[in-house]
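Undergrad: Got a sequence here, can you build the structure:
(one chain, ligands or ions: 2)
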Amino acid sequence: MSDLLQIKNLTRRFALKQGELTALDNVSLSLAAGKILGIVGESGSGKSTLARIVMALDHPTSGSVAINGQSLFDLTPDKLRAARRDFQMVFQDPVGSLDPRHKIGRLIGEPLYLERNAPTGTARRDRIAKLLEDVGLSADDMDRYPHEFSGGQRQRIAIARALITKPKLVVADEATSALDLTVQKQILDLLLKLR
Ligand code: ADP
Ligand code: MG
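TA: Ligands and ions are numbered 1, 2, ... in the order given. From the prediction side, this is the model:
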């Protein structure tokens with residue numbers, strides 16, 4: 001069995017006006033399905049750069065990322081789009097990551113566009129309702145807007161959205177650092193429970 005995530009010799013350099021910045025320097029790691037890996041480092045140490053590359057939102061200068069044994073940067077655009085449902089991300093800022101113009105149901109259901117036979121109508125609503133309950137909110141919340149929720153609740157919504165395609169890998173980039181201490185613990189407990 002190969003690991004769910006396999007990162008090999010990943011390097012990412014950014015060209016700056018003056019010279020070059022090495023954000024990632026030969027990073028290798030692997031992660032088995034169902035496991036949790038925490039990446040710790042000071043601000044600017046490259047955590048978000050790594051997360052963005054694993055989500056195929058950025059390309060490495062060299063090195064490889066494989067998810068389920070599939071090399072991420074060798075996929076055709078079509079295959080990459082199909083693969084995206086297997087890996088989702090929760091961002092640090094639950095305010096910036098939820099479009100304030102849309103209702104919660106639409107926001108959570110959005111990644112379903114990645115599924116070829118995505119549920120519609122009642123089946124879609126049922127799936128969103130179930131997820132809202134899984135993250136400790138209520139089904140009725142799907143008809144409300146992001147501003148009606150607290151920071152912690154918004155992060156629960158962001159987690160629900162990350163989970164709707166039943167991903168095998170979820171990357172949380174400082175998903176709790178914008179929250180109060182007690183809410184941080186609730187969100188971490190929730191992530192543990194959902195795993
Ligand atoms: P962390 O998430 O650990 O705080 P980042 O991955 O955001 O660190 O940043 C790592 C380094 O790469 C920082 O020095 C940052 O300024 C630099 N960096 C990140 N993205 C870019 C970019 N698009 N262009 C230039 N430099 C960048
Ligand atoms: Mg960061």
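
Undergrad: pLDDT below threshold where in the protein?
TA: Across the chain, the ranges flagged by pLDDT under 70 are 1.

Undergrad: State the distance from the most centrally placed residue in the chain to ligand 2.
TA: Central residue of the chain (CA atoms, centre = their mean): M89, 0.7 Å from the mean position. As for M89, its distance to ligand 2 is 12 Å (criterion: CB to the ion, to the nearest Å). From N, CA and C alone the C-beta is placed, and that goes for glycine too.

Undergrad: Name the SS class of the residue in the chain that ligand 2 sits nearest to, please.
TA: Here the residue of the chain nearest ligand 2 is S48; by CB to the ion that distance is 3.2 Å. Of the three states, S48 takes helix according to DSSP: H, G, I helix; E, B strand; the rest coil.

Undergrad: Likewise for D99?
TA: The three-state label given to D99 by three-state DSSP is coil.

Undergrad: what number of residues lie near it?
TA: 11 (other CB atoms under 10 Å).

Undergrad: The closest residue to it other than its chain neighbours is in what secondary structure piece?
TA: Sequence neighbours aside, L107 is the residue nearest to D99 in space, at 6.6 Å (criterion: CB to CB, 6 or more residues apart in numbering). Using DSSP states H and E, L107 maps to helix 104-109.

Undergrad: who's in contact with that helix?
TA: Contacts of helix 104-109 from elsewhere in the structure, counted by CB atoms under 8 Å, 6 or more residues apart in numbering, are 98-99, 124-125, 127-128, 131-132, 141-146, 149, 157, 160-161, 164.

Undergrad: give me the subset of these touching ligand 1.
TA: Among those, no residue sits close to ligand 1 (CB under 6 Å from any ligand atom).

Undergrad: In ChimeraX, how would I select just the buried ones from the residues you listed?
TA: Applying 16 or more other CB atoms under 10 Å to those, the buried members can be selected in ChimeraX as follows:
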select :98,124,127,128,131,132,141,142,144,146,149,157,160,161,164
